[in-house]
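Undergrad: below are the sequence and a predicted model for it; my questions follow.
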Amino acid sequence: MNKQHNRFEKRKNHKQRPASKRPAFAPRDSNSQVSQSKLSSPRIAEQLQTGDRITVEVKKIGINGEGVGYYERKAVFIPGALPGELVQAQVEKALPNYIQAKLLSHKRTSAERVTPPCPVYEACGGCSMQHTRYEEQLRAKENVVRDAFSRYTKLTDLPLRPIIGMNDPWAYRNKAQMQVGFHQGAVQTGLYAPGSHQLVDLSGCPVQHPDINALIQRVKEWLKAYQVSIYQERKRKGLLRNLVVRIAYTTGEMQLTFVTSEAHFPQAKSLVAAIRREFPKVVGIAQNINPKKTSIIFGDQTTLLWGKETLQEKLGDLKYELSPRAFFQLNPAQTLHLYRAAEEAAQLTGTEEVLDLYCGTGTISLWLARSAKKVTGIELVKEAIEDAKANARLNHIDNAVFITGKAEEWLPSQVAKGYKPDVIVVDPPRTGCDDALLKAIIQAKPKRMVYVSCNPSTLAKDCAVLLKNGFQLEWLQPVDMFPQTAHVECLILMVRK
């Protein structure tokens, strides 16, 4: 998944339920019962308003981790609700095709419900499934994939493999990107609450590596002690905007980046000295300058304050040098499972030409290059291509070529010239592949296509197009890259008929 997640990470065409499954309805601010004749009216759901209360039986988990039930044949999305629960919810938005509601209370509770270990779980919004037993999280994610393919491909016998979960689904994230704020005399670092600019302080986040948590906590104390000016987004005043910390799981090396609104950073030397004294695992400290009014973390200019420009990480026997802005998968342990599945799907013998579209920093390209004749990686971001080339040199891989370009334009132009790779790998954004790219893939007629996606809906829709144009689906492999969230990564293998 070659994309950054600003959160620890669309509802579409949800199945309808028959009218006989109608839940009870109570008017706004009232606990009185409604007559059965009124319940039977097909206009009841249309008359719902913000603040009305409804009782809903939850049927499944939705693509964003919310509970999904049905009221008068409309899907009702209730964050925090679990399948099998009977809940009272308050309508927050009643739209023609669905209802959004807030969980108020339980009339029946699921046995899969657990107490979230994070004290700010509900306020943060970074995780959406900590209230769910992990085994149920995995089942729910499998079902999300199954539902998406049922909806868009109409396959009756889906070759879905069991999802690959984690033995320990905590402390897996190797990178934290924290907004910095100041509240009631204390420096805060965390994420904005969903739908707001209210900063939620994340001290000791249970899905982050504990060394990251420890470093951030001490840096917060030093920021206050050295009176570092904290950026105020609304006023566009102040210096420090973000802290970005990365750790290499295999080497233990750490990297810290201060994101500031301007170059002048008077406390930088004092902060660097304090960090070096207490955290010998930190091998590089950088300053990134972002003066723009934007929600994007990094600016264009990065300056090394002390130490090494990169830290080294490994996946299997491959080494990667990571600069502060370089993309790298956030869960290395699960990334190994994903790349091994890609290797299995590619079925390389050493004679194949592989095309890796949306290759990012070339992590999949380099993984496959060892068993291929040649790998060509295409990526729009120039800096990512430079990282890919550097990592190819680091690993002495000379059969991988990386090209800066837009996949949707590059492949059609090459296919028009007769280019026909043996294997195509795609790892597109959440929006999936556009029509021009799918058309070019169909025209290229690769023997095998490996599609990696973080969005089951767009994956299934693109798969449906390929199924109609000479491909067949061999198998699907979900991987739980982000436990405690609703995100699910899925890899599929398609072959030419």
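TA: Sure, I can see it.

Undergrad: tell me the domain ranges of the chain?
TA: Domain assignment for the chain by automatic domain parsing gives 19-132, 139-166+330-496, 175-322.

Undergrad: mean confidence score for the first one?
TA: Predicted confidence along domain 19-132 averages 82 (mean pLDDT).

Undergrad: now do that domain: distance to the chain's middle.
TA: 25 Å (CA atoms, centre = their mean, to the nearest Å).

Undergrad: what do you get for the last one?
TA: Centroid separation for domain 175-322 versus its chain: 20 Å, with CA atoms, centre = their mean.

Undergrad: mind checking the end-to-end distance for it?
TA: 12 Å (CA to CA, to the nearest Å).

Undergrad: ok, the second one next?
TA: End-to-end distance for domain 139-166+330-496, by CA to CA: 31 Å.

Undergrad: swap in stretch 83-99?
TA: End to end - CA to CA - stretch 83-99 spans 17 Å.

Undergrad: for that stretch, which positions count as buried?
TA: Residues of stretch 83-99 classed as buried: 83, 84, 85, 86, 87, 88, 89, 90, 91, 94, 98, 99 (neighbour count, 16 or more other CB atoms under 10 Å). Where you see a C-beta, it was placed from the backbone N, CA and C, and this is true even at glycine.

Undergrad: please apply the same query to stretch 200-217.
TA: So stretch 200-217, judged by 16+ other CB under 10 Å, has buried residues 200-202, 205-209, 211-216.

Undergrad: in those, find the pair that's most separated.
TA: Farthest pair in the buried residues of stretch 200-217 (CB to CB) is 200 and 211. Separation: 21.5 Å.

Undergrad: in the stretch 1-150 of the chain, which spans are strands?
TA: Using DSSP state E, counting those that start in this stretch, the strands of the stretch 1-150 of the chain run over 25-26, 53-61, 67-71, 74-78, 86-94, 98-108.

Undergrad: ok, the stretch 201-350 of the chain next?
TA: Under DSSP E, counting those that start in this stretch, the stretch 201-350 of the chain gives strands at 240-247, 254-260, 282-289, 301-307, 311-315, 318-322.

Undergrad: looking at those, which is buried most?
TA: Most buried of those, by mean neighbour count (mean count of other CB atoms under 10 Å): strand 254-260, with a mean of 25.

Undergrad: give me the neighbour count for residue 168.
TA: For residue 168, the number of neighbouring residues by other CB atoms under 10 Å comes to 9.

Undergrad: does it sit in a helix, a strand or a coil?
TA: Assigned state for residue 168: coil (three-state reduction, DSSP: H, G, I helix; E, B strand; the rest coil).

Undergrad: ok, now which ones touch it?
TA: Shown in contact with residue 168 (CB atoms under 8 Å, 6 or more residues apart in numbering): no residues.

Undergrad: now with 10 Å, please.
TA: 134, 333, 483 (CB atoms under 10 Å, 6 or more residues apart in numbering).

Undergrad: which of those are buried?
TA: Going by neighbour count (16+ other CB under 10 Å), the contacts of residue 168 have 134, 483 buried.

Undergrad: next one: phi and psi at the nearest residue to residue 109 once chain neighbours are set aside?
TA: Closest residue to residue 109 apart from its sequence neighbours, by CB to CB, 6 or more residues apart in numbering: residue 85 at 5.9 Å. Per-residue torsions, residue 85: phi -90, psi 150 (degrees, to the nearest 10).
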